[in-house]
Structures are given as structure tokens and as C-alpha cells.
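A.B. asks: Sequence and predicted structure, then a few things I'm wondering about:
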Amino acid sequence: MSTTIGFFGAAGTVTGSSYLLESPHGRLLIDCGMFQGPHALKELNYGPFPFDPHVIDAVLVTHAHIDHSGLLPKLTKAGYRGPIWTTAGTADLLTWMLPDSAHIQEFEVEQLNRRQRRRAKDDVEPIYTAADADACLKQIKAIDFGQWQEVLPQIKARWWNAGHILGAGSIELTLDDGKDATTMLFSGDVGPRDSALQSPAEGPSGIDYLIVESTYGDRARPRLTDDGRRAVLEKEVKDALARGGNLIIPAFAIERSQELLADLAWLILRNRLPKVPIFVDSPLAVRATEVFERHRGALDGIDQGISPFRATNLRYIETVEESQKLNHIVGGAIIISASGMCDAGRVRHHLKHHLWRPNATVLLVGYQAPGTLGYLLENGAAQVSIQGEHITVKATIRRIEAYSGHADRDDLRAWIKDRLPIRRNAFLVHGEEGALQAQQEALIGMGLSDAQVIIPALDQRFALDPKRGATLIEGERRRLTSEKAEEARRGWDWTNDLAALNLDLKGYLQGLPNDKDRQQTLREFRRLMERHARN
């Protein structure tokens, strides 16, 4: 049996990290992430795995973000019974992240099923439940950075600090067949050199195969010092407070929320910002901040004598009732809430209550995947739909990149150069089309041949030959039709078009002078649908 690698997520798209390595020594799954973004991709979360979970021998996880770990409970529910290896920091975070993911799914499916019943449609099931998540946690095994671990016979793994979030690592593998050892490096998500809380990413050099993320492969960000980053945040907060409303910050519960808290505390302590109330309204962010507090000694840029996570003006919101009470605060507060892409969690509740307010501000601080609510806001949507309700966007939408958890184009290329030579192939994953192509050109510019740099498509598998390198295995089954693959590539599908049409139609009808004209327009619209149905 030859060694093969299958790309079952984050291939031709940004989310859903999942790679299956099959060798004579066993089957190894690296990451088991959830798809986010357009409907065509999110549907994959509900379908069967493109492999048999029963035959997987071991799982390795780069870090705790849901697009790298979010389907682990589904995997164990489907029959995987082996170990899930990861770092101690990631293991701690997953203790809270996976049950939280299950809770969100159960809550949203419950709401969906209420609508389904009113429409006489069948109930749908969550991808997994809180009980499934709790059962999965029992299979997690923690390992320190830099420590070699035999994960399968003749296959060793070790984690290198990836500089991305607490516990995030790039995974180095050595496959020893008794003659020549093959080395592989899975980058995971690589962090920026100027991260607020993490030290710069590391990794080995001189490897056979590199599987590298390309999220910002075509974009460079302004180079900021710690003071520069804090100055950017200071201005945005002051401007938001001057508008008179609340400042809503959709932020990932892991790392982004803690970075913001650290910098806000730093600015307030030095009287550069007023001591306004700050609310962290995300159960996961609350639990994650406790993990960061326990690991505070390992964080960069933190005054070890004063914890920014225990500031007197900071309040952690636990219950739904407490969250709803925040609606009564109409100005002068900062609300940090997950998710960072606005497509799940309590932040949608706050957006629904603030987007229509001209004095409110929404500050986007992270990557917004195509098809997400955050992406629509970032790109100037005049109206959006939240939980079936149409909202006119009157709030000021701002975006800063100072808190991005990903290396930009220049940092990523510098990290890749430090990994050279790449003796066989580099696989480019976790990127949109433009970013992947730019990354491909950059690696060719570093001396790799065109054939060495591969951009795999979703569900493609490659044979890894010791002499020839990677060769595509033809005839593999693909989960996405060509139409669905195009939707995923564009980050826009018919559900987005329908939402836009609903908003446009409602706005058009409201702009007509009287009900008679509105009824006439709707009759014409219905006749058009009936004519299309007959054809």
C-alpha cells in the first residue's frame, strides 16, 4: 500500500480543515473542522464523512478553532474510538469550545424546527449534541510543544508553535518505512509576527511535503507595533463613543476577545480611553478567558502583575436573560460578542438590536468568510436578514486588521522561506482563489517548479511517491457538484440571492405610493413565477 493524502476540507476554500493520510502503517486524520460560509459548504457538515470513521487509527489537531476542530464530536459519534492528540492549550480550549458548538447547534435547530413545523416540514437533527461533545472530550490526549510522540507504528509527530492562538501548532510528521524517512509539515493557521499575545510562529526546515494555509496569501497589512495597534483601537473606540451609541465588536471567542480585553485594559489604565462598561457576551469567550488566565504566564505582552481579564469595568455575561438586558443600554458601552463572522452566537442578537440605529457602531476585527453575515456587512450591505427578520443597516460599519490572527502575505512568505528546502511538494490550502494563486506564484518564485506547487480541490486524493512526489489519483468521488463547487468558490449561493431579493422587494413595495400599486406589483410577480413554473 502506497502513502496517500486526501483533502477533505479547506481545499479551494478557507474553512473545514481535514486531511486524511493513509499509509502502510495506518490511517491518520489531521484536523476535523467544520465548514463555514455559503450554504453549499455548510450543507457538508450534515452529510456523511467521505471516509469511514471506524478505520481511522489516530487524529491530530492543530488548534481549537471550530473550522479545524468542530466536527470532532461528529467523528466520534460516527464510530471513531482512537486518541485525539493535540497541545495542552488546545485541549483546555476544546473542553469549552466543543460543548459550546453543540449548544449553538441544538439551539438553532430548535428554532429552525419551530419554523419547519409551522410550514408542515420535517424536523432536522443537529450535527451533534452536547452529550456527543462531552463523550468526544474523553478521547483527547495532550502533548507539549516540541515533544515527539509516536502516533502510529513508525509515524511520529510533534507540534511547533504556530503563533496563531493559545495552543495552536504546526504539526511535523516523520514516516519511517525502514529505508528513507518522509517528513511532512501541516502548517495549521500561521499567526502574524506582531501578534498581541503570541510569540512568532516556528517550524522545521528541509521537509518533503508542506501543507500550508493561504488565507492572506495575496494581502499585506500595515506593519504595526504594539503601540500602533493600540492607537488604532483607541481611535475607533473614541469615534464610536462620540457617535453616542454602543460599540458592538463581533469577535472570535478565542484569542481575539482576549487580545481586545488586554488592549482596552491597557488604554484605560493609562487614561487614553474612558472607563466605560465593557461586556463580554459569549459563554464560550467567558470560559476561554478563564483558560487564558490560567495560561497567562505563557502569553506575550501581558503585565504579569495586573490581569486585564479582571478589570473592574469588565463584566462577563453568562445567561440569556443577562444578555437580553443589554438591550436597555442604548449608548456608551462596548459589547464584545461571538461569533467573529456574525453567523452564529449571541452577536446576531446584538446586531439585530443595533444595526438599525444611526448612532451605533459595529467594529469588525477579523477575517469574514464569503457568504457570512460579517462579509455582507463588510461589503456595504444596505439591508440584511437576521433570524428571518429584515434589518436596514444604519449603523456605522468599521473594520480594522490590527487583530487578525493570520499571517499576512509577507509574514506567510517569510515563514515558508524558513521551511525551505521543500524537496517534493507544497499543497496550498485554506484560501480563496486569488490568495491561492498568489501563494502559488510566490512559491514558484522561491525556486519550486510549477509541478511541485499544488492547489488541491475538495475531495481530491494524491499518491505520495518517494521519488516522483505527489500524483493525483483520478476518478475520486466528489461531494460537490460543479454547480455547488462554483457556489462555494464564489461564496454566494441561491439562499443569499433569495435574502437579497426579499430585502429588495420589501424596500421597493414600501417605496410605492399606495397599497393598490403594491398589490398590482405582487400580482405581476406571482404571474411571472407561475409562467416560469409552467415552462
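C.D. replies: Structure's in. What do you need? Computed from a prediction, not measured in an experiment: that's the story for all the values here.
A.B. asks: quick one: Tyr508 from Leu210, how far?
C.D. replies: Counting by CB to CB, to the nearest Å, the separation of Tyr508 from Leu210 is 52 Å. Every C-beta, even on glycine, is put in place using the N, C-alpha and C of the backbone.
A.B. asks: more neighbours, these two?
C.D. replies: Taking other CB atoms under 10 Å, Tyr508 and Leu210 do not tie; Leu210 has more neighbours (26 against 11).
A.B. asks: quick one: contacts of the helix or strand that contains that one?
C.D. replies: Per DSSP states H and E: Leu210 is located in strand 207-213. Strand 207-213 is contacted from outside by 5, 10, 19, 172, 182-190, 406, 412, 416, 419, 422-431, 439, 464, 470, using CB atoms under 8 Å, 6 or more residues apart in numbering.
A.B. asks: Can you flag the buried ones in those residues?
C.D. replies: Burial by neighbour count, judged by 16 or more other CB atoms under 10 Å, picks out 5, 10, 19, 172, 182-190, 406, 412, 416, 419, 422, 424-431, 439, 464, 470 from the contacts of strand 207-213.
A.B. asks: Among these, which lie within strands?
C.D. replies: 5, 19, 172, 182-186, 422, 424-429, 464, 470 (DSSP state E).
A.B. asks: ok, now which ones touch Asp132?
C.D. replies: 73-74, 76-77, 102.
A.B. asks: one more time with 10 Å, if that's ok
C.D. replies: Asp132 makes contact with 72-78, 98-99, 102, 105, 126, according to CB atoms under 10 Å, 6 or more residues apart in numbering.
A.B. asks: Can I get these in a markdown table including pLDDT?
C.D. replies: Shown next, in a markdown table, are the contacts of Asp132 (pLDDT from 0 to 100):
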| residue | pLDDT |
| --- | --- |
| Leu72 | 98 |
| Pro73 | 98 |
| Lys74 | 98 |
| Leu75 | 98 |
| Thr76 | 98 |
| Lys77 | 97 |
| Ala78 | 97 |
| Leu98 | 96 |
| Pro99 | 94 |
| Ala102 | 94 |
| Gln105 | 87 |
| Pro126 | 92 |
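A.B. asks: Most neighbours out of those, which is it?
C.D. replies: Busiest of the contacts of Asp132 [other CB under 10 Å] is Leu72, holding 31 neighbours.
A.B. asks: Check the gap between it and Tyr128 for me.
C.D. replies: From Leu72 over to Tyr128 (counting by CB to CB), the distance is 9 Å.
A.B. asks: list residues touching both of those two?
C.D. replies: 98, 101, 136.
A.B. asks: Which of those fall in helices?
C.D. replies: 98, 101, 136 (DSSP state H).
A.B. asks: per-residue pLDDT, the last one?
C.D. replies: At Cys136, the pLDDT value in this model is 98.
A.B. asks: That one and Asn535: what is the separation?
C.D. replies: 50 Å.
A.B. asks: quick one: which of these two has more around it?
C.D. replies: Cys136 (25 against 5).
A.B. asks: from memory that one sits against Pro83, does it?
C.D. replies: No - between Cys136 and Pro83 there is no contact under CB atoms under 10 Å: 11.7 Å.
A.B. asks: Write down the beta-bridge partners of Ala142, one by one.
C.D. replies: Using DSSP bridges, the beta-bridge partners of Ala142 come out as Thr86.
A.B. asks: tally of neighbours for it?
C.D. replies: When neighbours are counted by other CB under 10 Å, Ala142 registers 15.
A.B. asks: Please parse the protein into its domains.
C.D. replies: Domain assignment for the chain, taken from automatic domain parsing, gives 3-220+405-489, 226-399, 493-534.
A.B. asks: Lowest mean pLDDT across the ones you listed, which one is that?
C.D. replies: domain 493-534 (a mean of 81).
A.B. asks: Now do the SS call for Leu501.
C.D. replies: helix (DSSP: H, G, I helix; E, B strand; the rest coil).
A.B. asks: which residues touch His328?
C.D. replies: Per CB under 10 Å, 6+ apart, neighbours of His328: none.
A.B. asks: State the distance from it to Glu322.
C.D. replies: Separation of His328 from Glu322 (CB to CB) stands at 11 Å.
A.B. asks: Check Arg523 too.
C.D. replies: On the measure of CB to CB, Arg523 and Glu322 end up 48 Å apart.
A.B. asks: out of the two, which sits in the busier spot?
C.D. replies: Glu322 (13 against 10).
A.B. asks: pretty sure Ile140 contacts Gly82?
C.D. replies: No - with contact defined as CB under 10 Å, Ile140 does not count as touching Gly82 (11.2 Å).
A.B. asks: Overlap of the contact sets of those two?
C.D. replies: Contacts common to Ile140 and Gly82, judged by CB under 10 Å, 6+ apart, are Val59.
A.B. asks: Neighbours of Gln324, how many?
C.D. replies: By other CB under 10 Å, neighbour count at Gln324 equals 13.
A.B. asks: Same check on Ala196?
C.D. replies: Counted with other CB under 10 Å, Ala196 comes out at 25.
A.B. asks: what sits against the residue nearest to it when sequence neighbours are not counted?
C.D. replies: Among residues not flanking Ala196 along the chain, Glu259 sits closest, at 4.1 Å (CB to CB, 6 or more residues apart in numbering). The contact partners of Glu259, taken as CB under 10 Å, 6+ apart, are 165, 195-198, 229, 233, 251-252, 292, 299, 301, 308, 365, 402-403, 405.
A.B. asks: swap in Arg270?
C.D. replies: 230, 234.
A.B. asks: Adding distance to Ala64, write the ones in helices among the shared contacts of Leu72 and Tyr128 out as TSV.
C.D. replies: As requested, those are arranged in TSV below (distance: CB to CB, whole Å):
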residue	distance to Ala64
Leu98	9
Ser101	11
Cys136	13
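A.B. asks: which one of those is nearest Ile336?
C.D. replies: Each of these was checked against Ile336 using CB to CB; the closest is Ser101, at 19.0 Å.
A.B. asks: What is the burial count for that closest one?
C.D. replies: The burial count for Ser101: 25, using other CB under 10 Å.
A.B. asks: Hmm, Gln36 and it touching each other?
C.D. replies: No - look at Ser101 against Gln36 with CB under 10 Å: they stay out of range, at 11.5 Å.
A.B. asks: between the two, what contacts are shared?
C.D. replies: 66, 70, 344.
A.B. asks: so the closest residue to the first one other than its chain neighbours, which of the three states?
C.D. replies: This means Ile66. Spatial nearest neighbour of Ile66, excluding adjacent residues (CB to CB, 6+ apart): Met34 at 5.1 Å. Counting by three-state DSSP, the backbone at Met34 sits in coil.
A.B. asks: wait, what's in contact with Met34?
C.D. replies: Neighbouring residues of Met34 by CB under 10 Å, 6+ apart: 9, 15-18, 41-42, 44-45, 65-72, 74, 101, 105, 127.
A.B. asks: Could you give me the PyMOL selection string for whichever of those are buried?
C.D. replies: Only the buried entries of the contacts of Met34 go into this PyMOL selection, using 16+ other CB under 10 Å:
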select buried, resi 9+15+16+17+18+41+42+44+45+65+66+67+68+69+70+71+72+74+101+105+127
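A.B. asks: So which of the contacts of Met34 belong to helices?
C.D. replies: Short answer: these in helices (DSSP H) are 41-42, 66-69, 72, 74, 101, 105.
A.B. asks: Asn379: which of the residues you listed is nearest?
C.D. replies: Leu41 (18.4 Å).
A.B. asks: What segments of the stretch 351-500 of the chain are strands?
C.D. replies: Listed in chain order, the strands of the stretch 351-500 of the chain (DSSP state E, counting those that start in this stretch) span 361-364, 383-386, 389-392, 396-399, 422-429, 453-454, 461-465, 469-472.
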